[in-house]
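Asks: Need coordinates for the following:
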Amino acid sequence: MHVLIVHGYQLHGSGSCTYVANLAKTYASLGHSVTISCQETRTESLDYVTDATYDIPLAKPSPKEIRVFLPRKGGMLPVYKMDNFEPYDAKEIGDISFEEADDHIDVTVDRLEQYVNKCPVDFIIANHALFSPTIVSRLVKRLIEKAKIDIPYVVKIHGSGVTFTLEQHPEWIKYSLEGLMNAKKIICGSVFMKKKLFRLTNHKILPRVDIIPCGVDTKLFNTKKCPIDNKITIVFVGKILDTKGIAELVTVFPHINFGHNLKTELLIIGDGPYRETLNEMIVSLQTNDKDKYISLAKRDKFLVQEWDFEKCNIFKPLDKNHTIKYLGYKMHDELAPILSNVHIGVTPSNEHESFGIVIVEQLCSGVFPLCIDHSGPKEISDFVESTDPELGKYMRLQKDLSSFDKFLDILNKSIEPLIKYPDIRLRLNKCGSYYDWSNICKNIIDI
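Replies: Got it, this is the predicted structure:
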């Protein structure tokens, strides 16, 4: 079978980018031909990509091969949140007109029609609520009218399109519905996201929605012994955004005291628009520059919580027992060996999350995950607690980070299960194996 995955963005990144990459790799490993239609121009660094082309090829990829097809080489790219999307002229969807959106959609449909005519497709997976489902819906409609070809497609909903665009700019819901209403199935990674989508679309898509969580490569993300010795390593993995709670984590980190004369290290992995601010904040902690740190934290509201630095002595510089390393973005094959030497993962999101794939990757790696207790992360905590109640009860952060002291208290207590349960890494890995990609992909394609 030839599977076409339509992804309107690039493949270097987290979230939906990681999802698409793993989806493609798993379908290829199952013997299918795979094409990813996306805007990625740097495919030479992606070892899973067999070939990449802007030109229309003469034949579909061979079984087990992954091709990247580039529908456009530049021009306006509608995005949910501004970041670096070179060589494209990125504009947030809330700032473009319907005419600009239609131009983008129509050009992409034209190119995909040419591609499908030369490389017949059996199944399509459209990612996000905008604009890939709209593109695929118009493509399928055109193929039916011209060639009597009806290709089934499903839509995978990711959080950013809903949170940053549909919720804030409801005028775009009509474009989303155009794509969703004609899909054979709509996939949400969590009950939380399903409810949010129902609310936004006035329950019009109710019969079509399935809950299928994101998957994880359990062969890559696996566990090994990671003794504590004299140091505890904490990791944050995710987009460097105000919504992710990373500024809050960096602020509280110098206060962490696990006792037992343990040193503490924080690794930050990810990329995003606040990367430079984050780097400067870390330097301010190293140099004990309180005024600069507070200014940076409050710049563009990177630190979302309104913690009172003066009353609560919240600012604390790094000392010899606390180190922070910002490692930037890491591909999966780079991330996995790092996680194998980490003890605790923290996902302190200020905003709702559609799922929390980084949490599952940490589970499979034997990393003890602390998760904000709402939306998608809460559902993962609920699953772990139902599978292993002893560990699950320790995973939950508070529902929000408004209390600095409570956040710190939970972080300090996260050492307890590591000391209490010698087999903790194996038990965490067992919980994470439920999310193996091969199971997820079979469920997606089952319509």
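Asks: use CA for all of it now, contacts and neighbours both
Replies: Fine.
Asks: Pick out the least confidently modelled helix or strand of the protein, by mean pLDDT.
Replies: Every helix and strand of the chain was ranked by mean pLDDT, DSSP states H and E. The lowest is helix 309-312, at a mean of 83.
Asks: List the contacts of that helix.
Replies: For helix 309-312, the surrounding residues in contact (C-alpha atoms under 8 Å, 6 or more residues apart in numbering) are I294, F315.
Asks: Can you identify the element that follows that helix toward the C-terminus?
Replies: strand 322-328 (DSSP states H and E).
Asks: Which residues does the helix or strand that that following strand is followed by contact?
Replies: Sequence-wise, the next helix or strand downstream of strand 322-328 (DSSP H and E) is helix 332-339. Contact with helix 332-339 is made by L220, F221, N222, V235, Q362, S365, V367, as judged by C-alpha under 8 Å, 6+ apart.
Asks: Partner strands of the following helix or strand past helix 332-339 and their direction?
Replies: Downstream of helix 332-339, the next assigned helix or strand under DSSP H and E is strand 344-347. Partners of strand 344-347 in the sheet, by DSSP bridges, are strand 231-237 (parallel), strand 368-371 (parallel).
Asks: circling back: take the contacts of helix 332-339 and write them to JSON lines, including neighbour count.
Replies: Listed next are these as JSON lines, based on neighbours: other C-alpha atoms under 10 Å:
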{"residue": "L220", "neighbour count": "15"}
{"residue": "F221", "neighbour count": "24"}
{"residue": "N222", "neighbour count": "24"}
{"residue": "V235", "neighbour count": "23"}
{"residue": "Q362", "neighbour count": "30"}
{"residue": "S365", "neighbour count": "31"}
{"residue": "V367", "neighbour count": "31"}
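Asks: Of all pairs in the residues you listed, which one is the farthest apart?
Replies: Pairwise distances across these (C-alpha to C-alpha) peak at 17.8 Å, for the pair L220 and V235.
Asks: Which parts of the stretch 151-300 of the chain are helices?
Replies: Along the stretch 151-300 of the chain, the stretches classed as helices by DSSP state H, counting those that start in this stretch are 159-160, 173-180, 191-200, 246-252, 275-287, 290-298.
Asks: average pLDDT across stretch 238-246?
Replies: The average pLDDT for stretch 238-246 rounds to 95.
Asks: Pull the number of nearby residues for K399.
Replies: Neighbour count of K399, defined by other C-alpha atoms under 10 Å: 15.
Asks: In contact with it: list those residues for me.
Replies: I372, D373, H374.
Asks: Quick check: which element contains it?
Replies: Counting by DSSP H and E, K399 is found in no helix or strand.
Asks: With D405 instead?
Replies: helix 404-413.
Asks: any idea how the protein splits into domains?
Replies: 2-212, 231-435 (automatic domain parsing).
Asks: K442 is nearest to which of those?
Replies: domain 2-212 (8.8 Å).
Asks: if we can go back for a sec, export the strands paired with strand 344-347 as TSV, with columns for distance to M395.
Replies: What follows is the strands paired with strand 344-347, written out as TSV (distance: least, C-alpha to C-alpha, whole Å):
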stretch	distance to M395
strand 231-237	14
strand 368-371	5
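Asks: tell me the most buried of those strands?
Replies: Among the strands paired with strand 344-347, strand 368-371 has the highest mean neighbour count (mean count of other C-alpha atoms under 10 Å), at a mean of 26.
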